[in-house]
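Chemist: Give the three-dimensional model of this entry:
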Amino acid sequence: MSRAALTYGERQQRKIVVEGAIDVSKPVEGFYRIKLRSNGVYVGIRLWYGPPHDPVTGEEMDRSWRWQALANGEEIDLDRVWPVCARHPITEEEYHNYERRQRWARESAPETAFADPSRRHDPLTAMLPF
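Modeler: The predicted structure is shown next:
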């Protein structure tokens, strides 16, 4: 008894469509929120496709366009935030609120996770930033 020869390239692929599914292979420009660590605080994420900026002067550089990300206004590696952030879109206003909260915390409460989102947040001992 033998099986019919079937190469993998000739097999028919079943296409499964899930409602609300996100195509994670292509980032989507916009504003999102995520936690950069477990037991951390939320940070605002901005994703966009465009030319990179000079890290010293902030001027737009004449380089190839690429996907870029900001976490509360500071550069962050796109691979660190995408596609995790895709489930939590926010408005631009909410993104700017996260930015302002971090600026305030750096001046008024530098030991908290709100000043440094890579720190662990303990809600029982940490000061609220408001």
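
Chemist: gap between Leu78 and Cys85?
Modeler: In this structure, Leu78 and Cys85 are 10 Å apart, going by Cβ to Cβ, to the nearest Å. In this view, the C-beta of every residue, glycine as well, is placed from N, C-alpha and C.

Chemist: shared neighbours of these two, which are they?
Modeler: Leu47 (Cβ atoms under 8 Å, 6 or more residues apart in numbering).

Chemist: Which one of those two is surrounded by more residues?
Modeler: Neighbours were tallied for Leu78 and for Cys85 using other Cβ atoms under 10 Å; the higher tally belongs to Cys85 (25 against 14).

Chemist: From Gln68, how far out is the more buried one?
Modeler: Counting by Cβ to Cβ, the separation of Cys85 from Gln68 is 13 Å.

Chemist: mind checking the longest helix of this protein?
Modeler: Scanning the chain for the longest helix, with DSSP state H as the assignment, gives helix 92-108.

Chemist: Now do the buried residues in it.
Modeler: Within helix 92-108, the residues that qualify as buried are Tyr95, Tyr98, Glu99, Arg101, Gln102, Ala105, counting by 16 or more other Cβ atoms under 10 Å.

Chemist: packing partners for it?
Modeler: When contacts are defined as 3 or more Cβ pairs under 8 Å, 6 or more residues apart in numbering; DSSP states H and E, helix 92-108 packs onto strand 30-35, strand 42-50.

Chemist: Now it - C-alpha only, PDB.
Modeler: Coordinates of the C-alpha atoms in helix 92-108 are reproduced here as PDB (Å, rounded to 0.1, in the frame of the first residue of the first chain):
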ATOM      1  CA  GLU A  92      -3.400  61.000  21.600                       C
ATOM      2  CA  GLU A  93      -4.600  63.000  24.700                       C
ATOM      3  CA  GLU A  94      -4.100  60.000  26.900                       C
ATOM      4  CA  TYR A  95      -0.600  59.500  25.500                       C
ATOM      5  CA  HIS A  96       0.300  63.100  26.500                       C
ATOM      6  CA  ASN A  97      -1.200  62.500  29.900                       C
ATOM      7  CA  TYR A  98       1.300  59.600  30.400                       C
ATOM      8  CA  GLU A  99       4.100  61.900  29.300                       C
ATOM      9  CA  ARG A 100       3.100  64.600  31.700                       C
ATOM     10  CA  ARG A 101       2.800  62.200  34.600                       C
ATOM     11  CA  GLN A 102       6.300  60.900  34.000                       C
ATOM     12  CA  ARG A 103       7.700  64.400  33.800                       C
ATOM     13  CA  TRP A 104       6.000  65.300  37.100                       C
ATOM     14  CA  ALA A 105       7.200  62.200  38.800                       C
ATOM     15  CA  ARG A 106      10.800  62.700  37.800                       C
ATOM     16  CA  GLU A 107      10.700  66.100  39.600                       C
ATOM     17  CA  SER A 108       8.400  65.300  42.500                       C
END
